[in-house]
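Chemist: Provided below are the primary sequence and the corresponding predicted coordinates.
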Amino acid sequence: SNYSAAVAMSNMADMPPSQETDAEAVEELDESVMEDIVAVYTLLDESRSANVERNRFVQALIATGLASEAQADNLVQSLGSQEPILDLDAFRSCLIQIVQSTVDQHYQSSASRTTSSVTAVPTLGTALLGVLDFLRRDALERQEFKLAHHAKEMSVSLTAREETRRLQAINDRHGSEQQGVQEAHMMQAMEFNSAWSTNMSEFEKQALEIEERLKAKHAAEFAAFQEQLSSQTQRAYKFSRELLQLKKAMETLAKQGKYDKAHELKQKAEQLEQWERMKLDNDLKTHIATKELQLRQQQQLQLDALRRRIQRGREEHKEHWLLGAQRLMQSHRNMLADLKTKQALENVRADVAVKLDLASSRAGHARAKSRTNYSDAKPRVDTRRQDASNDTPRASTLSTSRTLSPSSSQANSRANSRQSHSGRLPPIRS
């Protein structure tokens with residue numbers, strides 16, 4: 001139905017983005033996001049050589065919480081040569097690929113799940129926050145407090161900007177949802193009016209056909225009635241008694257030889273017969289006209305009754321049309337009011353929701369690793385401590401012996417006690 005079309009149009013903003021190349025993604029990055037990437041890379045590149053150490057670069061990608069160590073290594077290897085230049089462009093390209101891949105996996109997993117769950121959608125901002133957190137912790141371990149201070153300040157600033165971006169994205173999504181619902185309502189109203197216009201056209205067409213059939217029927221009835229009347233008019237005239245007496249007297253006078261008086265009576269009889277013929281013809285015509293008029297009036301009454309029924313049907317159709325339009329408009333108003341109420345409630349909770357969203361997006365990868373017992377993690381080797389241990393092997397041995405586990409120290413003490421109670425003396429050293 002059109003309501004499903006409205007819902008579908010209102011959910012277009014939540015659909016996953018299409019696959020794009022890195023160049024297209026870079027062109028679509030916001031200017032503030034580019035500035036954030038440059039600032040984070042500046043902190044990451046301590047030597048200001050525009051080429052970050054490979055291990056540090058990989059650890060920064062892992063710290064985004066969106067890629068494992070194997071994935072980060074594969075990204076670095078995909079940059080080209082065996083020792084690629086890990087500059088700003090490489091950092092930006094790797095971040096975009098990681099975020100795009102994670103977003104695609106997020107939408108695929110959300111589409112495959114049957115139950116609805118609200119999960120944070122990763123963004124470049126959350127990835128940069130993870131890198132800043134890694135820089136801060138790394139600086140604290142090395143006691144570079146100035147770098148840790150810069151990373152902390154930048155993290156606070158970036159968090160505020162990311163919250164602002166997400167709030168603006170929520171407002172934009174609300175606007176697109178309202179626009180989508182309004183467009184769907186307009187489409188539904190147009191389809192509704194088009195359907196009712198077609199219905200009214202069909203009604204008018206059927207009404208015209210019924211009226212034309214009735215008129216044709218009336219014309220056939222009137223023609224048959226005229227034919228019937230014309231057949232009834234072919235009969236002899238019925239003259240008056242006075243004319244018949246004049247004709248009889250005229251014949252009597254002619255037999256008696258009184259031709260003059262017979263001639264006078266003949267003239268009177270002819271005049272009277274002509275008058276009576278005219279009178280009878282006029283009476284017949286009047287009778288036929290009256291019959292035709294009665295038939296015409298009866299047919300007109302039938303036609304008027306039909307037209308009244310058609311008008312009642314037309315008014316009922318228009319009333320149903322208007323009632324359906326009012327119900328449709330009311331349903332549209334209710335749907336839009338529900339959407340605005342939902343959006344107003346979301347705006348009220350937006351501040352806390354955005355903070356939780358940022359926190360959940362940063363912690364999502366850590367939760368996934370904890371569920372898999374860090375199966376994809378490789379052992380980390382601190383090269384600086386390893387070099388120090390190579391320089392002072394005796395100190396390393398002593399520190400290792402001092403850091404024995406409680407279980408091993410207890411085992412050694414029990415062995416010494418058994419040896420002292422066995423009755424045998426320890427060997428004498430020279």
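Modeler: In hand now; what should we look at?

Chemist: Buried ones in the helix or strand hosting T126, by neighbour count?
Modeler: Assigned by DSSP states H and E, T126 belongs to helix 124-141. Using 16 or more other CB atoms under 10 Å as the test for burial, helix 124-141 gives 124-136, 138-139. C-beta coordinates here come from the backbone N, C-alpha and C atoms, glycine included.

Chemist: and if you look at stretch 302-317?
Modeler: Residues of stretch 302-317 classed as buried: L306, I310, H317 (neighbour count, 16+ other CB under 10 Å).

Chemist: One more: stretch 176-193?
Modeler: The neighbour-count check on stretch 176-193 (16+ other CB under 10 Å) flags E177, G180, V181, Q182, A184, H185, Q188, F192 as buried.

Chemist: which stretches of the stretch 1-150 of the chain have low pLDDT?
Modeler: In the prediction, the stretch 1-150 of the chain carries residues with pLDDT under 70 at positions 1-30, 80-82, 110-120.

Chemist: which residues in it form helices?
Modeler: Under the criterion DSSP state H, counting those that start in this stretch, the stretch 1-150 of the chain contains helices at 2-10, 22-27, 31-44, 54-63, 69-77, 88-112, 124-141, 145-232.

Chemist: Which ones among the buried residues of stretch 302-317 map onto helices?
Modeler: L306, I310, H317 (DSSP state H).

Chemist: Ignoring the adjacent residues along the chain, who's closest to A249?
Modeler: L265 (5.6 Å; CB to CB, 6 or more residues apart in numbering).

Chemist: What of P122?
Modeler: In space, P122 is closest to T102, 4.7 Å off (CB to CB, 6+ apart).

Chemist: hmm, which two among the buried residues of stretch 176-193 are most spread apart?
Modeler: E177 and F192 (22.0 Å; CB to CB).

Chemist: which stretches of the stretch 301-430 of the chain have low pLDDT?
Modeler: 357-430.

Chemist: and what of the stretch 151-300 of the chain?
Modeler: For the stretch 151-300 of the chain, the stretches with pLDDT under 70 are 233-236.

Chemist: go again using 80 as the cut-off
Modeler: Along the stretch 151-300 of the chain, segments meeting pLDDT under 80 span 230-239, 243.

Chemist: wait, what's in contact with L132?
Modeler: V40, L43, A151, K152, M154, S155, L158 (CB atoms under 8 Å, 6 or more residues apart in numbering).

Chemist: burial of the second one, as a residue count?
Modeler: Read that as L43. Using other CB atoms under 10 Å, L43 is surrounded by 17 other residues.

Chemist: Skip the chain neighbours and tell me the closest residue to L295.
Modeler: L295 sits nearest to F225 (CB to CB, 6+ apart), 5.5 Å away.

Chemist: residues in contact with that neighbour?
Modeler: Neighbours of F225 in contact, by CB under 8 Å, 6+ apart: K291, E292, L295.

Chemist: Go through those residues and flag which are in helices.
Modeler: Using DSSP H, the members of the contacts of F225 that fall within helices are K291, E292, L295.

Chemist: and the last one, how many neighbours does it have?
Modeler: Spelled out, that is L295. Neighbour tally, L295, other CB under 10 Å: 16.

Chemist: so it touches A223, yeah?
Modeler: No. Contact criterion CB atoms under 8 Å: L295 and A223 do not qualify, at 10.8 Å.

Chemist: what's the spacing between the nearest residue to F239 once chain neighbours are set aside and A262?
Modeler: Spatial nearest neighbour of F239, excluding adjacent residues (CB to CB, 6+ apart): E276 at 5.4 Å. Distance from E276 to A262, counting by CB to CB, to the nearest Å: 20 Å.

Chemist: likewise L336?
Modeler: 108 Å.

Chemist: next one: D304
Modeler: Applying CB to CB, the value for D304 to A262 is 62 Å.

Chemist: One more: I98?
Modeler: 140 Å.

Chemist: Give me the more crowded residue out of those two.
Modeler: Taking neighbours as other CB under 10 Å, I98 and A262 compare with I98 leading, 22 against 17.

Chemist: does that one really touch G65, like I thought?
Modeler: No. I98 is not in contact with G65 according to CB under 8 Å; the separation is 9.6 Å.

Chemist: what residues are shared contacts of those two?
Modeler: Going by CB under 8 Å, 6+ apart, residues that sit against I98 and also against G65 are A127.

Chemist: quick one, phi/psi of T64?
Modeler: phi -60, psi -20 (degrees, to the nearest 10).

Chemist: Next: the one 3 residues further on.
Modeler: Main-chain dihedrals, A67, degrees, to the nearest 10: phi -140, psi 140.

Chemist: Also S47?
Modeler: phi -80, psi -10.

Chemist: Now for it, how many residues are close by?
Modeler: For S47, the neighbour count with other CB under 10 Å is 8.

Chemist: do the one 10 residues further on as well
Modeler: Under the neighbour criterion other CB under 10 Å, F57 is assigned a count of 22.

Chemist: can you tell me how far it sits from R48?
Modeler: Using CB to CB, we find F57 at a distance of 15 Å from R48.

Chemist: Kindly report the same for Q271.
Modeler: Counting by CB to CB, the gap from Q271 to R48 is 143 Å.

Chemist: who's more crowded, those two?
Modeler: Counted by other CB under 10 Å, Q271 and R48 do not tie: Q271 has more neighbours, with 12 against 7.

Chemist: can I get the helices of the stretch 1-150 of the chain in a markdown table with distance to Q330?
Modeler: As requested, those are exported to a markdown table (distance: least, CB to CB, whole Å):
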| stretch | distance to Q330 |
| --- | --- |
| helix 2-10 | 14 |
| helix 22-27 | 45 |
| helix 31-44 | 44 |
| helix 54-63 | 54 |
| helix 69-77 | 53 |
| helix 88-112 | 34 |
| helix 124-141 | 42 |
| helix 145-232 | 11 |
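
Chemist: what's the most buried one of those?
Modeler: Across the helices of the stretch 1-150 of the chain, averaging neighbours per residue (mean count of other CB atoms under 10 Å) puts helix 124-141 on top, at a mean of 21.

Chemist: Centre of the chain to it, how far?
Modeler: How far helix 124-141 lies from its chain's middle: 38 Å, per CA atoms, centre = their mean, to the nearest Å.

Chemist: One more: stretch 291-305?
Modeler: Computed by CA atoms, centre = their mean, the chain-centroid distance of stretch 291-305 equals 59 Å.
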